[in-house]
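Q: output the structure for:
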Amino acid sequence: MVQRTVLVGLDIGLSYPSHDSLLVSRMGPQAFLDFLEVHAGLQPAKLSPSERIASFMAVMRRNESVFPSFLASWKVAPLATAKELLGWIDTWYLHGWEGGEAFTEGQDPPQRIAQISALEFLAREHLGASIGRRLLTVAAAIRSGIFIPLHHVELVDDIKDWPKAWQTVLSLLPCSQRTWKEFTLDDITSDRIQFFICHSTLTAARQLAEFSDKNKSASYFAIIEKEGTLFDEVNATSGRPEAGMRESAGVTPESQRLLQELAKYKEPGDLEFSRARALEVTKRVISKRGSFGTEWTGAIAEASLFVRTLERLGPDYDSLPWALLVELLSLCRSSDQPHPLHRELLGSLPAVRSAGALIEAVDSLVWFMPQPANRADPWPWTTHEIETLNVNGCELMDLETLNSRPLRMMLRACSLVQGSLTVIVPSIREELSPLELSIAARTAETRVEPCELEQAVMKGTITGLKEISARALPSVHRWWKLPLSLAPDPDWKTSFSQLSTFIDRPAQWLFEKKAGIQIGTLLSQQKESLRRGTCAHALVERLFAEKGDAALLLSKQEFKQWFEAVFPKTLEHCGYSYLEPGASREKIHYQNTLFESVLSLCQTLHDAGTSNIRLEYEVSGSFCHAELLGSIDLVFEKTDGSIGLIDMKYSFWPQGYIDKMVSDADMQLTLYSELYRQKNKILPEPAYWIFPSRKLITRNRSFFSTGHQVTSAHSHAQRLAMIEASVNWRKQELAQGNIEVVCQASDCLVKSGTALASVPPAAGLPKSETWDANDPYLGLYGWGIEA
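A: Coordinates of the predicted model:
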C-alpha cells in the first residue's frame, strides 16, 4: 500500500489554496481525524451540535435530581445550561479525560465534577462522539495494531499547542515537529511595509479588491481573517464575481421562512405539532426547490436539521415555549459552516483565513483587517476541581500558551514574507491588532478615501436618486454671543477635569459652573469603560493598602490567592454589572484581564526599583491664577530619591495615550507633576499605565526600564506654557461673551450667522479630537437661526 506524508496544522483547515500532491497532503485537525478513522475502520456516530444539545437536554429533563448544583440555571435557561455543560464535557475529553469511571477508587470528587460525570454517563450513548472521544477510540485502535498508511507526519505547530487527546494520538504516529526560526518584526525593514488606513470597512474591501486585480501576476498572498463576505459582495458588484471568497451569506430572507411559518402557531407550543409543522414546511420547500434560487439550499438544510433536532428532544418534552423553539432554530442556523472554494482555481489572489494557515514562504503578503488578539477565557472551574480533573487524566492547556498563540502565529506568518508586507485596515475599529501595534510606529500610513460613487451616494449628489421630502435638522450654532463677561472668578478653584472641560468644551463648563446645571444619575449608569476603570483602580488601591510595598514581592500563586478573595468583593462595590444574570462570561474575561494587568503592573514597579508606593495621593497648588486640586493615582520613590507618578487608564486604544505624549497634550500628567513639584520641591517622572494592554508609556525609558518610550519636543516648563496659553485664550473669549459651542465642525463656522471670533493660539495645546463624544450637553445647544 502506498504510504503518505501528511503536514498537520491547527489552522490548515482554514486554508484556501490546495498544495496536495499524490503522496503529500496538508490537513487540519478535522480532516486528519477523519483520515485516521477511515484507515482504522472506525465509523463514529456524528451528530450536529444542535442534535447533540437537544439529546443532552432530553437526558437532563429525565434526570433533574442528578445535578442539583445547576438546577436553578436549568429551570431558567435550559438550552443555555445544556450547551454550557456539554461544552465542559467535550473540553474535558479533548484534554485527556476518559469519563467519570476513571476516577480513582475511593476518591471523593468535588460536587460539580461528580454531578456532571454522572450526567455524562447517563447521556453518553445518546450524544454521538465528540472530538475527544473520537480521539480516544483512534488511540485505542492504533495501540491494538491497526495499520495506518502513513510514512511521516510533520506538525507545523508546537506540540504544546495541541490538547492532550491529540498529543496522545500523535505520540503513536511517526511524527516530527517543524522548527521555525526566531523572528521579530524588526527583521522587516520599513521600506518593505505598506500601511493603508481606509475610510470604512467597505472602502477597505474595495481597496483589497483593487489590490487583487493589480497583483495577479505577482506572487502575492493574502490573509483575510474577517469580512470575507463583504469582500465577496464588493467583487460581485464591481464585475469580478469570480474573485470572491465564496463565504456563507448568513441569514437570508429564505432562511427566515420557517421561523415565519412557525410564528403563526406560537401557542400552545406542542412539540409534536411544532415538529409536524416544521416537517410540512420543509417538504413543501423541497418539492418546489426548482422554482427557487440557490439561496434555498441553506434554508432547506436548516429546516431538515431543525426537524431532526426536535426529534432528539423525544417524549420528555411534551410542549415547547416559543422562546425555546426560536433558540433551537437559531442553533440549527449557526451550525451551518461556510464552504469556501479554492480561490486559486478561480484565478484570484490566493488567501487564507488565519495567520497560522500560512506555512510556506511567500514573495509578498497582503493582510486584510488583522484581528485583535482575543484572550482565552479562564477555565470556569475552581483550583480544586482542576486538580481533581488533572489527577484523572484531564490536563487542561495552560492559558499563557493559549493567549500567546495569536502573537506567535502573527510573527510566524510575517517571517515567511520574502518581499513586501501590505496591511489594509478601516479607520474605525475598537481595538488594534498585535500586527498594527507592532508596525504602526515604524511606517507612514496611506489614507484611502471612499471612491467617487460611494461619496456621491453618501452626499446625495448622484443622478437618478429620488429626493425625499423631509425637513432636515437645522445647523448647530458655532458660537454663543452674550453681552456680559463669563470669565471665571479671579479666585476660582478647579480640578484637572474641570480645566480640561474649560479649554475643550467651554459651553459644557458654562452649564456646569455658571448655570449650575448638573447631569442626573437616577436613570443612568456609568459607561462600561468607566466601570472597568473604576473597578481596576479600586483593586489596585486595596492591594497596596493591605500589602504595601510587599505587594511587589508576591509570587504569582500568592497574588492569585489574594486576587480570588478580593475580586468578588470589589465587583459588589463598583462592578455590579458583572454580577447580573447572563454576564458570567464577560465577568470571567474581565477577571482574567484584570488579574494579568495588575500582576504586570506590580512586576513593572518591582523592575523599576520602587518603594513607598502611595495611591490616590492628593495634591494642590496654583496655576493660571486658580487654585488647582487633584488626586494622583499612584506615586512612588526610587532608591536614588527620585519620584515617579502613574496615571492609570482602562482603554483598549493605548495608541491614543502614546499620541498624547508625542504631541505634548498629556495635560493631566503635566499638571499633576507641577502640583507635586509645588508641594514637595521635586519634579516627578510621569507615565501612563494602560490596563488591558499592560503597557507603561513614558518619556524616560531609563526611569521605567520596561516602559514604552515616546519622544516629545517640549520640556515640562514648555508644556505648562502651552496649557497656560490655552487657558488664557479661553478666559479672553469668555470675558468678551463668546462661548464656543461646536469646536470641531469646521464646515459650520459661519452657517449660523456668527463669524469665528478668534482662533486658538499656536503656542497652545492641540485641539482635542474627542470633543463632541465627551459632551453630555449636546442636546441643549440649540439650532441655527435658519431653523
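Q: check contacts around the residue nearest to Glu360 when sequence neighbours are not counted.
A: Setting aside the residues directly before and after it, Glu360 is nearest to Leu416 in space (CB to CB, 6 or more residues apart in numbering), at 6.7 Å. C-betas here are computed from N, CA, C, even on glycine. In this structure, Leu416 makes contact with Leu358, Ile359, Glu360, Ala361, Val362, Leu365, judged by CB atoms under 8 Å, 6 or more residues apart in numbering.
Q: in a markdown table, list the residues you listed along with secondary structure.
A: Formatted as a markdown table, the entries for the contacts of Leu416 read as follows, by DSSP: H, G, I helix; E, B strand; the rest coil:
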| residue | secondary structure |
| --- | --- |
| Leu358 | coil |
| Ile359 | coil |
| Glu360 | coil |
| Ala361 | coil |
| Val362 | strand |
| Leu365 | strand |
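Q: show me which of these are buried.
A: With neighbours counted using 16 or more other CB atoms under 10 Å, the contacts of Leu416 contain these buried positions: Leu358, Ile359, Val362, Leu365.
Q: can you put these in TSV and add distance to Ile682 and pLDDT?
A: Formatted as TSV, the entries for the buried ones among the contacts of Leu416 read as follows, by distance: CB to CB, whole Å; pLDDT from 0 to 100:
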residue	distance to Ile682	pLDDT
Leu358	53	87
Ile359	56	87
Val362	55	88
Leu365	51	88
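Q: farthest-apart pair in these, please.
A: Comparing all pairs in these by CB to CB, the longest separation belongs to Ile359 and Leu365, at 12.9 Å.
Q: surely Val153 touches Cys175?
A: Yes. Under the criterion of CB atoms under 8 Å, Val153 is in contact with Cys175, at a separation of 4.5 Å.
Q: quick one: which of the two has more around it?
A: Comparing Val153 with Cys175 by neighbour count (other CB atoms under 10 Å), the higher total belongs to Val153, at 19 against 16.
Q: and that one, that's in a strand?
A: Yes. When the secondary structure is assigned by three-state DSSP, Val153 falls within a strand.
Q: give me the pLDDT for the residue minimising distance to the centre of the chain.
A: For the chain, the residue whose C-alpha lies nearest the mean C-alpha position (CA atoms, centre = their mean) is Asn374; its distance is 5.0 Å. On the pLDDT scale, Asn374 is placed at 74.
Q: OK, contacts around it?
A: Taking CB under 8 Å, 6+ apart as the criterion, Asn374 is in contact with Pro406.
Q: give me the element it is part of.
A: When secondary structure is defined using DSSP states H and E, no element contains Asn374, which sits outside every helix and strand.
Q: how much space separates it from Gln678?
A: Counting by CB to CB, to the nearest Å, the separation of Asn374 from Gln678 is 45 Å.
Q: again with Glu541
A: Taken as CB to CB, the span from Glu541 to Gln678 is 24 Å.
Q: for Thr711, same thing?
A: Here the distance between Thr711 and Gln678 works out to 27 Å (CB to CB).
Q: comparing these two, which residue is more hemmed in?
A: Counted by other CB under 10 Å, Thr711 and Gln678 do not tie: Gln678 has more neighbours, with 15 against 7.
Q: show me which pair in the contacts of Leu416 is furthest apart.
A: The widest separation within those (CB to CB) is 12.9 Å, between Ile359 and Leu365.
Q: the contacts of Leu416 into a markdown table, with extra columns for distance to Ser190?
A: Rendered in a markdown table, the data for those read as follows (distance: CB to CB, whole Å):
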| residue | distance to Ser190 |
| --- | --- |
| Leu358 | 22 |
| Ile359 | 26 |
| Glu360 | 25 |
| Ala361 | 21 |
| Val362 | 19 |
| Leu365 | 16 |
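Q: tell me which of the residues you listed is nearest to Met397?
A: For those, the residue nearest Met397 by CB to CB is Ile359; the value is 21.5 Å.
Q: and which of the buried ones among the contacts of Leu416 is nearest to Phe567?
A: Taking these together and measuring to Phe567 by CB to CB, the closest member is Leu358, at 38.8 Å.
Q: which residues does the closest one contact?
A: The neighbours of Leu358, taking CB under 8 Å, 6+ apart as the test, are Phe221, Ile223, Val352, Leu365, Arg412, Ala413, Leu416.
Q: filter these down to the ones in strands?
A: Secondary structure assignment by DSSP state E places Phe221, Ile223, Val352, Leu365 of these in strands.
Q: quick one: contacts for the second one?
A: Contacts here follow CB under 8 Å, 6+ apart; on that basis Ile223 touches Ala351, Val352, Arg353, Ser354, Ala355, Leu358, Leu365, Val366, Trp367, Phe368, Pro370, Ala413.
Q: okay, the fifth one: pLDDT?
A: Spelled out, that is Ala355. As predicted, Ala355 sits at a pLDDT of 87.
Q: surely it touches Arg408?
A: No. With the criterion set as CB under 8 Å, Ala355 and Arg408 do not qualify as a contacting pair; they are 9.2 Å apart.
Q: which one's more surrounded, the two?
A: A direct count of neighbours by other CB under 10 Å for Ala355 and Arg408 places Ala355 higher, at 28 against 18.
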